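Enquirer: show me how the following folds:
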Amino acid sequence: QVQLVESGGGLVQAGGSLRLSCAFSGRAFSNYAMGWFRQASGKEREFVAGISWGPVNTRYRDSVKGRFTISRDNAKNMVYLQMNSLNPEDTAIYYCAAAQVPWGALGPSIRYDYWGQGTQVTVSS
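Expert: Numbering: from 1, shown residues only. Sure, this is the predicted structure:
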């Protein structure tokens, strides 16, 4: 059984940065595509960023391109989301997710099998 534990959320002023971390355990991390999602209060959950396994490819939602960077460390079973130039619209609970999918698959349309409990990110104006 895969377990995902997010950390790194918090309160930051607009223009600031945060780095979210997600610790993966229970299976072979290197065989899973990973994603970050977020859900703001009163809104539906949305895809933020994804990273494939195998040759690393990444994908982002348009509103975070150039500001957020997803990365993974297969040796440490970790996935990260570096978030820069944060604005109040980025305020949400951020979730890490894992998908057992074919080599190279990633993004919002793949099936994510496991989810973390979420970490709150609040950006003040």
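Enquirer: going forward, measure contacts and count neighbours with C-alpha atoms only.
Expert: Noted.
Enquirer: low-confidence stretches in the protein?
Expert: Within the chain, no range satisfies pLDDT under 70.
Enquirer: try 90 this time
Expert: Within the chain, the segments meeting pLDDT under 90 span 54-56, 103-104.
Enquirer: list the residues that contact the residue nearest in space to the middle of it.
Expert: What sits nearest the mean C-alpha location of the chain, by CA atoms, centre = their mean, is Trp36, with 2.2 Å. Residues counted as contacts of Trp36 (CA atoms under 8 Å, 6 or more residues apart in numbering) are 47-50, 81, 94-97.
Enquirer: output stretch 3-17 as PDB, nothing but the C-alphas.
Expert: The C-alpha coordinates for stretch 3-17 follow below in PDB (Å, rounded to 0.1, in the frame of the first residue of the first chain):
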ATOM      1  CA  GLN A   3       1.500   6.200   1.500                       C
ATOM      2  CA  LEU A   4       2.000   9.800   0.700                       C
ATOM      3  CA  VAL A   5       2.800  12.500   3.200                       C
ATOM      4  CA  GLU A   6       3.000  16.200   2.200                       C
ATOM      5  CA  SER A   7       4.800  18.900   4.100                       C
ATOM      6  CA  GLY A   8       6.000  22.400   3.600                       C
ATOM      7  CA  GLY A   9       2.800  24.400   3.500                       C
ATOM      8  CA  GLY A  10       2.200  27.500   5.400                       C
ATOM      9  CA  LEU A  11       1.400  31.200   5.300                       C
ATOM     10  CA  VAL A  12       3.400  33.400   3.000                       C
ATOM     11  CA  GLN A  13       3.100  36.900   1.700                       C
ATOM     12  CA  ALA A  14       2.300  37.600  -2.000                       C
ATOM     13  CA  GLY A  15       5.500  37.400  -4.000                       C
ATOM     14  CA  GLY A  16       7.000  34.900  -1.700                       C
ATOM     15  CA  SER A  17       8.000  31.300  -2.100                       C
END
